[in-house]
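J.: generate a structure from the sequence data that follows.
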Amino acid sequence: MPKDLRGFLAEYERANPREFCRIKQEVDPRYEVAAILTKLEESRKLPILFYEKVKGSDLPVVTNVHSTKKKIAASLGIDPQKFRDKYLEAVENQIPPKIVSDGPVMEQTVGEHDVDLKTLPMMTYHEGDAAPYITAGMVLAEDPETGKHNASFNRLMYKSRNRAGIFMTVGKHLHEIYSRMEEQGKPLPISVSLGNHPAWALGALYIGAYGDSELGIIGGLLAEPAEVVRGKLSGTLFPAAAEIVLEGVIEPHLREEEGPFCEFSGYATGKGLRPVVTIKSIHLRKNAVYQDICGGQHREHLVMATIPMEANLYRSIKGAVPTLVDVHVPAPFSLIISIKKRFQGQAQSAMIAAFSAEMYLKQVIVVDEDVDITNLQEVIWAVGTRVQADRDIVIIPGVRGSSLDPSAGAEGVVTKMGMDATAKPSLSSFPKRNKVPKEVMERLRLEAYVNLDKL
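T.: Sure, this is the predicted structure:
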């Protein structure tokens, strides 16, 4: 199994040539890369896209690496249906990282006085974006009190040759680490790595308690220690086999305008006064590949975030409701849960566990095990036939949510809603669903009765 991005790309292209598209014509990073991806998504096509020539940069660009569970599972050599089990196994059986003295990403280094972010093919995706952005950068930062490293994805807005605005969600772990350093009046050293094996993204997106080791989870996914190099700045680490790494500091007590930027919610977040990163050096492999994640409500952006989220929510809710069947994140800030309800109140227990496990969640729907939670028509059917608003809806006002939610109040304060769409008092006592006998459905072959080609 390849352990770096370029190894995975080469293997996937060989095994799945119809799902890997090399674009040889020059494309403009301003809107054109996003336009090509958007048109493919409209045609229900989700290939990995490798842009060989990007205007204004010598680096090729790859995007859509995480656009399907099949691609992500392939990077780990597992069946997509077993992905959740693999992820939870990695969380429970973490393998600490291994610090190495060198790695492929150290093949070339650009010093502080020669740093120029414009050499990177930063993208402008939508007409609401304020500037070119780096979106696939995984940030690693060391907690000044514990010495543990946190991994996360944070958007970076181009400002000048060596400066970028950074968006950190209040309440998330990187923001807490930065706040601890800022209280001491010190800059926070960070690394920003681009072009990593998909296991790194899955680990960085893990949602757990403060201080949990994303690097250990990455090792668990890879089935071996993740190799990291110590940076030139105190406390910085980064993947030894990354394609590109930026080393820099988030300045204390400095805020400048950042945004707007079109986010995963499908809306542009407004501009705000946010911290600034000063880039001190750039490391890169020979013939480096720049990895991009198309901003906004695109498939890759949603898939790569929801896989770790669903795994963590499944584990957390299962602890409160042992008869949990499955969970599904169908849209931003939303969760559907199916349970095998044994007694009244279990749906509410599932809601509470879900809201406790994921700060961003705003609405949770709980259904019985007879509902396919990946089929939104069935979910809405359950809501329409099993819910009475005065009895089955729970409202929780004034709770911390996501500042990326355009309907939220100041600092991302929201009103959360849980809906019990299970049959009352139980599924067994509720009217039976219309259903053709299973034996007939399995026996009957439609093509014996209907010419499907003419329909």
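
J.: spit out the contact partners of the most centrally placed residue in the chain.
T.: Closest residue to the average C-alpha location of the chain: residue 305 at 2.2 Å, with Cα atoms, centre = their mean. Applying Cβ atoms under 8 Å, 6 or more residues apart in numbering to residue 305 gives the contacts 205, 264. (Glycine included, C-beta is placed from N, CA and C.)

J.: okay, residue 446: pLDDT?
T.: In this model, residue 446 is scored at 89, pLDDT.

J.: how close does it sit to residue 433?
T.: 22 Å (Cβ to Cβ, to the nearest Å).

J.: give me the more crowded residue out of these two.
T.: residue 433 (11 against 7; other Cβ atoms under 10 Å).

J.: surely that one touches residue 368?
T.: No - Residue 433 is beyond contact range of residue 368, at 10.2 Å (criterion: Cβ atoms under 8 Å).

J.: show me where the stretch 201-350 of the chain has its strands.
T.: 227-230, 237-239, 244-250, 256-258, 261-262, 268-269, 272-274, 276-284, 290-291, 324-328, 334-339 (DSSP state E, counting those that start in this stretch).

J.: any chance of these in CSV, with distance to residue 77, mean pLDDT and mean neighbour count too?
T.: What follows is those, written out as CSV (distance: least, Cβ to Cβ, whole Å; pLDDT from 0 to 100; neighbours: other Cβ atoms under 10 Å):
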stretch, distance to residue 77, mean pLDDT, mean neighbour count
strand 227-230, 19, 96, 20
strand 237-239, 19, 97, 25
strand 244-250, 26, 98, 25
strand 256-258, 39, 96, 17
strand 261-262, 35, 88, 24
strand 268-269, 37, 80, 20
strand 272-274, 39, 94, 14
strand 276-284, 28, 98, 22
strand 290-291, 21, 98, 26
strand 324-328, 24, 96, 21
strand 334-339, 29, 97, 24
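
J.: so can I have a markdown table of the ones you listed showing distance to residue 41?
T.: Listed next are the strands of the stretch 201-350 of the chain as a markdown table, based on distance: least, Cβ to Cβ, whole Å:
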| stretch | distance to residue 41 |
| --- | --- |
| strand 227-230 | 34 |
| strand 237-239 | 29 |
| strand 244-250 | 26 |
| strand 256-258 | 27 |
| strand 261-262 | 15 |
| strand 268-269 | 19 |
| strand 272-274 | 29 |
| strand 276-284 | 30 |
| strand 290-291 | 18 |
| strand 324-328 | 20 |
| strand 334-339 | 20 |
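
J.: of all these, which one is nearest residue 87?
T.: When the strands of the stretch 201-350 of the chain are compared by Cβ to Cβ, strand 324-328 sits nearest residue 87, at 12.8 Å.

J.: got a list of what residue 124 touches?
T.: Residue 124 touches 29-31, 131-133, counting by Cβ under 8 Å, 6+ apart.

J.: for the residues you listed, pick the one with the most neighbours.
T.: Of these, with other Cβ under 10 Å as the count, residue 133 tops at 26 neighbours.

J.: show the contacting residues for that one.
T.: Residue 133 sits in contact with 122-125, 155-158, 261, 295, where contact means Cβ under 8 Å, 6+ apart.

J.: verify the stated contact: residue 275 with residue 164.
T.: No - counting by Cβ under 8 Å, residue 275 stays clear of residue 164, with 10.0 Å between them.

J.: list of residues touching stretch 276-283?
T.: Contacts for stretch 276-283 (Cβ under 8 Å, 6+ apart): 105-106, 108-112, 115, 117, 156, 159, 162-166, 187, 190, 192, 232-233, 238, 244-251, 254-256.

J.: for these, which ChimeraX command selects only the ones that are buried?
T.: A single ChimeraX command selects the buried members of the contacts of stretch 276-283 (16 or more other Cβ atoms under 10 Å):
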select :105,106,115,117,156,159,162,163,164,165,166,187,190,192,233,238,244,245,246,247,248,249,250,251
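
J.: helix or strand for residue 414, which one?
T.: strand 413-420 (DSSP states H and E).

J.: give me the mean pLDDT for that strand.
T.: Strand 413-420 comes out at a mean pLDDT of 96.
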